[in-house]
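Undergrad: When you get a sec, could you give me coordinates for this:
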Amino acid sequence: MPVTAFAPKTCLQIANTALGELGFPQLTTLIGNIDPTAIQILALLNAAGEALRDQPEEGWTAMQTEFNLVVNAPVITTGNVSLNSPVVSGIPTTAGLTAGNWAVVGNFLPTAARILNLGDQSGNNPSTTITMTMESTGAATSTPITFAQDTYALPADLKAYVDRTWWDRTNRWELLGPDSPQLDQWHRSGIVVTGPRRHWRQLGNSLNNQYRLWPAPIEIINPIQLVFEYLSTNWVNMTGSIASTGTNSAFTADTDTPFLDDRALIESLKWRFKKIKGYGGWEDDRNDYIDRVDLLIGRDGGSETLSMVKRVHPIFISPANVQDGFFPGPVGPNMS
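TA: Reported below is the predicted structural model:
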């Protein structure tokens, strides 16, 4: 959505502008107003915001945000394993470990083993014992065990990813993914389990979205930082200040302002209100809204300058002539 030089209208101002253009009385308040018309206006205005937010397939630039993730260093410890048992006991401490988020690596442990829960299979001794998702293939006492957190929560306002923005900034290489469930299982369950790059995938339902890495980061010495960009579901600035970080996916206060174009919201609210009330002429208002949105899409963000002449190989440093990892030498920041 293009950046404007003027302050956006508040929730109440947007509603009153639409009502004024429709010939209806002005409201002194919208949020919390028990008048049926005010309640309907608020519902339609939030519906208009959601529809406008989702309008362009590639998303508005105003909805783009960055997610930074610090991958924790692995926990190196010891434990006791038994043949054909998923239980690892005798761990000095399980503090900081959680079920479902940590891979388990060690002697006699399958490649894809993870923490199923803290404690044994009955839940006993959770401070010194864990139960894995797979069984040990041998027995050992005080054997080295490494726990690596490879699963992290995704941002709660994630709507869609911005493609080709997944990077390992510490090692300066692009992550591979998102992997399909089939490829992920091929990595975890097949013969060839590692490659030259780190992969990622999304898993879980909409209430429990998770970001999982492969291979599990057991090799890192210091925490590494990953990044990607995404489109947010939050199109509302909750405090009315454009510099604020308080955002929401609906208007909840009269002073809230949209990150989206307020004129488009006004026009969307007008045709929706007229249509639901059964008034004629709503199609013309909808056409005005569509024209407005098409105009905004056309000028949203910056555009690359395209040359009509023969392309020349770049003479400056760029991804076309520089390796995308460990520049300028062969030793990476996490290699000893």
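Undergrad: Check whether residue 232 really touches residue 156, as I assumed.
TA: No - Residue 232 is beyond contact range of residue 156, at 9.6 Å (criterion: CB atoms under 8 Å). In this view, the C-beta of every residue, glycine as well, is placed from N, C-alpha and C.
Undergrad: Who has more neighbours out of those two?
TA: Each of residue 232 and residue 156 has its neighbours counted (other CB atoms under 10 Å); residue 232 has more, 22 against 11.
Undergrad: Next up, the contacts around that one.
TA: Counting by CB atoms under 8 Å, 6 or more residues apart in numbering, residue 232 touches 63, 64, 65, 155, 157, 158, 159, 247.
Undergrad: same thing but 7 Å
TA: Contact analysis of residue 232 by CB atoms under 7 Å, 6 or more residues apart in numbering lists 63, 65, 157, 159.
Undergrad: Can you give me the separation between residue 11 and residue 37?
TA: From residue 11 across to residue 37, the span is 15 Å (CB to CB, to the nearest Å).
Undergrad: More neighbours: the two, which one.
TA: More crowded of residue 11 and residue 37, by other CB under 10 Å: residue 11, with 26 against 14.
Undergrad: What number of residues are in the vicinity of the residue lying closest to residue 125 once chain neighbours are set aside?
TA: Using CB to CB, 6 or more residues apart in numbering and skipping the chain neighbours, the partner closest in space to residue 125 is residue 119 (5.8 Å). By other CB under 10 Å, 19 other residues sit near residue 119.
Undergrad: Could you give the number of residues near residue 235?
TA: By the criterion of other CB under 10 Å, residue 235 has 26 neighbours.
Undergrad: from what I can see it touches residue 261, true?
TA: No - the criterion here is CB atoms under 7 Å, and residue 235 misses it with residue 261 at 10.6 Å.
Undergrad: Model confidence at the residue nearest to residue 252 when sequence neighbours are not counted, what's the number?
TA: Among residues not flanking residue 252 along the chain, residue 31 sits closest, at 6.4 Å (CB to CB, 6+ apart). With respect to pLDDT, residue 31 scores 96.
Undergrad: Equivalent analysis for residue 171, please.
TA: So residue 171 comes in at 86 (pLDDT).
Undergrad: any idea how far it lies from residue 226?
TA: As for residue 171, its distance to residue 226 is 10 Å (criterion: CB to CB).
Undergrad: residues in contact with the residue nearest to residue 125?
TA: 125, 126, 129, 131.
Undergrad: Write a ChimeraX command that selects only the buried members of those.
TA: A single ChimeraX command selects the buried members of the contacts of residue 119 (16 or more other CB atoms under 10 Å):
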select :125,129,131
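Undergrad: and the contacts of residue 119 as a markdown table, adding distance to residue 218 and secondary structure?
TA: Listed next are those as a markdown table, based on distance: CB to CB, whole Å; DSSP: H, G, I helix; E, B strand; the rest coil:
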| residue | distance to residue 218 | secondary structure |
| --- | --- | --- |
| 125 | 25 | coil |
| 126 | 23 | coil |
| 129 | 21 | coil |
| 131 | 20 | strand |
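Undergrad: Nearest to residue 100, out of the contacts of residue 119: which one, please.
TA: residue 131 (11.8 Å; CB to CB).
Undergrad: Okay, that closest one and residue 140: tell me how far apart.
TA: 17 Å.
Undergrad: what residues does stretch 66-80 touch?
TA: 88-92, 96, 141-149, 152, 155, 217-218, 220, 222-230.
Undergrad: Can you flag which of these belong to strands?
TA: In strands, judged by DSSP state E, the following of the contacts of stretch 66-80 are found: 88-89, 141-149, 152, 224-230.
Undergrad: just the buried members of those residues?
TA: Counted by 16+ other CB under 10 Å, the ones in strands among the contacts of stretch 66-80 give 88-89, 143, 145-149, 152, 224, 226, 228, 230 as buried.
Undergrad: least confident pick among those residues?
TA: Pick the lowest pLDDT in those and you get residue 224, at 90.
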